[in-house]
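Trainee: Structure of the sequence below:
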Amino acid sequence: MPLENGPDGRVVNHLFRFSVGKGLSADVTSLDVSAGALADGHYAEPETIKVAVNR
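Mentor: All right, here's what the predicted structure looks like:
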């Protein structure tokens, strides 16, 4: 999901990498990941996306 342009006109992107333990059940094929933001007195509601678990 692209983010809107920041105040200086640049698009702000952040890359995250998650790891799961080896003991995670094989039944788990995806995870819901949520993130929100708070900066300069502005609050962004959290967005949730489903990400695939790659083994």
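
Trainee: Run through this protein and note the low-pLDDT ranges.
Mentor: Counting by pLDDT under 70, the ranges of the chain that qualify are 1-7, 9, 11-12.

Trainee: ok, which stretches of it are strands?
Mentor: Applying DSSP state E to the chain gives strands spanning 30-39, 42-52.

Trainee: okay if I get those as JSON lines plus distance to Arg10?
Mentor: (Glycine included, C-beta is placed from N, CA and C.) Compiled in JSON lines, these are given as follows (distance: least, Cβ to Cβ, whole Å):
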{"stretch": "strand 30-39", "distance to Arg10": "15"}
{"stretch": "strand 42-52", "distance to Arg10": "17"}
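
Trainee: can you put those in CSV and add distance to Gly23 and mean neighbour count?
Mentor: Output for the strands of the chain, formatted as CSV (distance: least, Cβ to Cβ, whole Å; neighbours: other Cβ atoms under 10 Å):
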stretch, distance to Gly23, mean neighbour count
strand 30-39, 15, 10
strand 42-52, 19, 10
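
Trainee: who wins for proximity to Gly21 among these?
Mentor: strand 30-39 (12.4 Å; Cβ to Cβ).

Trainee: and the angle from that closest one to strand 42-52?
Mentor: With axes from the mean of the first three to the mean of the last three Cα atoms, to 10 degrees applied, the angle from strand 30-39 to strand 42-52 works out at 160 degrees.

Trainee: so how far is stretch 40-55 off the chain centroid?
Mentor: 4 Å (Cα atoms, centre = their mean, to the nearest Å).

Trainee: circling back: for the strands of the chain, which one sits closest to Phe16?
Mentor: strand 30-39 (7.8 Å).

Trainee: Many thanks, we can stop here.
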